[in-house]
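J.: coords below, sequence missing:
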């Protein structure tokens, strides 16, 4: 797989169940919203999240070059297994066209090395 790193840090934010989406959610080139009965999870640029929100900050986003065909198998496994073997915590977002693996900023170089060791191409900013 070919992966590119988005240029800015991102945050993973937890909003209360049923919360309306604040305007800061819909900024930047990449964002994801997942709503369940228990929470609303938001991934967006770190700089857009106001102070005081329940957020894990400083994540870097590795985007798999897509689009990927739905018949492909093992795409996410081929990415997360090498990272797990190196004890790199991850957060994964999948879309219709591709997958995104998020790692903490301090783990980015180690993650890139692990993925390259598994045969992937990783472009860092």
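T.: In hand now; what should we look at? Fair warning: this is a prediction, and the values are worked out from it, not measured in the lab. Numbering: from 1, shown residues only.
J.: how near is residue 17 to residue 52?
T.: Distance, residue 17 to residue 52, using CB to CB, to the nearest Å: 19 Å. Backbone N, C-alpha and C define where each C-beta goes, glycine included.
J.: of these two, who's got more company?
T.: residue 17 (11 against 6; other CB atoms under 10 Å).
J.: neighbours of the spatially closest residue to residue 82 that is not a sequence neighbour, how many?
T.: Distances taken as CB to CB, 6 or more residues apart in numbering put residue 118 closest to residue 82, at 4.0 Å, once the chain neighbours are dropped. Counted with other CB under 10 Å, the neighbours of residue 118 add up to 15.
J.: find the residue at the geometric middle of the chain.
T.: residue 102 (3.2 Å; CA atoms, centre = their mean).
J.: so which bits of whatever helix or strand that one lives in are buried?
T.: In this structure, residue 102 is located in strand 99-104 according to DSSP states H and E. Neighbour counts over strand 99-104 (16 or more other CB atoms under 10 Å) mark 99, 100, 101, 102, 103, 104 as buried.
J.: how about residues contacting it?
T.: Strand 99-104 is contacted by residues 3, 10, 12, 30, 32, 43, 58-64, 66, 68, 75-76, 79-80, 83, 88-94, 111 when judged by CB atoms under 8 Å, 6 or more residues apart in numbering.
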